[in-house]
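*Asks:* Starting from these lines, generate the structure:
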Amino acid sequence: MNEANGEEAVERVLQRLGVRVRDRRLIEQALTHSSVTAQGDSSGEDYESLEFLGDAALGLAVADYLLEQLPGRSPGEYSQMRAHCVNRRRLADVAEQLELGPAIRLGKGEEQSGGRNRPALLADCVEALIGAVYLDQGWETASAMVRRLFAGHFREALEQPLEWDYKSRLQQYCQGEQKGLPEFRVIREEGPDHRKEFEVEAVIESKALGRGVGSSKKEAEQNAARVALQAMGVGRE
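*Replies:* Sure thing, here's the model as predicted:
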């Protein structure tokens with residue numbers, strides 16, 4: 001890729017970001033892979049430090065949005081929704097929206113190995129751009145940009161049904177109440193290998209508080225934990 005084409009690609013990215021940057025060098029750094037600096041083709045830095053900052057800023061922006069839209073949920077619920085919003089696949093989707101690939105500066109080896117289309121590399125650059133905008137424009141602008149870029153993923157996170165981890169929630173509750181961690185005891189296991197049924201008992205401080213049945217130990221433990229939470233008055237349902 002020649003320099004002129006690279007500049008045009010960067011301009012297109014800036015237009016899609018919808019942000020007027022003061023220090024263009026930050027954007028250039030956010031789009032520079034370590035393979036460029038390693039081969040001595042750049043006097044500047046690569047994107048790794050900005051990626052670190054952008055990852056933190058992105059996490060905060062998502063948490064702020066979720067707390068605003070859905071106050072009063074549990075940490076586990078927020079964590080599940082955040083993971084839906086900002087996993088590597090979502091970041092790569094945003095990179096595609098921004099047409100980021102052509103704007104990234106790569107060393108020859110990374111270019112030849114197809115780095116420009118690698119989802120992980122594209123996701124890293126998205127985080128680095130968030131870090132660059134945060135340094136250049138501050139939190140309000142960076143947060144607004146995140147909300148705009150991830151708007152569709154945010155809506156999906158609010159609408160999707162959550163897969164509840166009752167076992168983790170029970171463990172967290174017991175720790176918070178300074179109780180011993182719950183034990184899960186298999187009290188029944190029957191059926192052929194391809195159609196097993198397990199019954200598990202959740203025991204807290206030597207007291208059985210819930211039983212659950214499932215086709216695997218994990219499923220039975222989740223059901224037992226759900227019943228135990230309900231018995232203690234902290235169940236979701």
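*Asks:* and residue 17, how far is that from residue 71?
*Replies:* When distances are taken as C-beta to C-beta, to the nearest Å, residue 17 and residue 71 turn out to be 29 Å apart. Where you see a C-beta, it was placed from the backbone N, CA and C, and this is true even at glycine.
*Asks:* between the two, who's got more neighbours?
*Replies:* residue 17 (18 against 7; other C-beta atoms under 10 Å).
*Asks:* if I look at the closest residue to the more buried one other than its chain neighbours, how far off is residue 123?
*Replies:* Distance criterion C-beta to C-beta, 6 or more residues apart in numbering; nearest residue to residue 17, sequence neighbours excluded, is residue 145 at 6.3 Å. The span separating residue 145 from residue 123 equals 16 Å under the rule C-beta to C-beta.
*Asks:* How is the chain partitioned into domains?
*Replies:* For the chain, automatic domain parsing gives the domain ranges 3-159, 166-231.
*Asks:* so who does the residue nearest to residue 17 touch?
*Replies:* Shown here is residue 145, whose contacts under the criterion C-beta atoms under 8 Å, 6 or more residues apart in numbering are 17, 18, 19, 130, 133.
*Asks:* what do you get if the cut-off is 7 Å, keeping everything else the same?
*Replies:* Contacts of residue 145 were listed using C-beta atoms under 7 Å, 6 or more residues apart in numbering, and they are 17, 18, 19, 133.
*Asks:* mind checking how far the last one is from residue 26?
*Replies:* In this structure, residue 133 and residue 26 are separated by 8 Å, where distance is defined by C-beta to C-beta.
*Asks:* Those two - which one has more neighbours?
*Replies:* When residue 133 and residue 26 are compared on other C-beta under 10 Å, the one with more neighbours turns out to be residue 133, at 26 against 22.
*Asks:* CA atoms only: put the one helix or strand that one maps to into CSV for me.
*Replies:* Secondary structure from DSSP states H and E places residue 133 in helix 119-137. The C-alpha atoms that make up helix 119-137 are tabulated as CSV, following Å, rounded to 0.1, in the frame of the first residue of the first chain:
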residue,chain,number,x,y,z
PRO,A,119,-10.0,-10.1,13.4
ALA,A,120,-7.7,-10.0,16.5
LEU,A,121,-5.5,-7.3,14.9
LEU,A,122,-8.5,-5.3,13.7
ALA,A,123,-10.1,-5.5,17.2
ASP,A,124,-6.8,-4.3,18.8
CYS,A,125,-6.8,-1.2,16.5
VAL,A,126,-10.4,-0.3,17.4
GLU,A,127,-9.4,-0.3,21.1
ALA,A,128,-6.3,1.7,20.2
LEU,A,129,-8.5,4.3,18.4
ILE,A,130,-10.7,4.6,21.4
GLY,A,131,-7.6,5.2,23.5
ALA,A,132,-6.3,7.8,21.0
VAL,A,133,-9.6,9.7,21.0
TYR,A,134,-9.8,9.6,24.8
LEU,A,135,-6.3,11.2,25.0
ASP,A,136,-7.1,13.8,22.3
GLN,A,137,-10.6,14.7,23.2
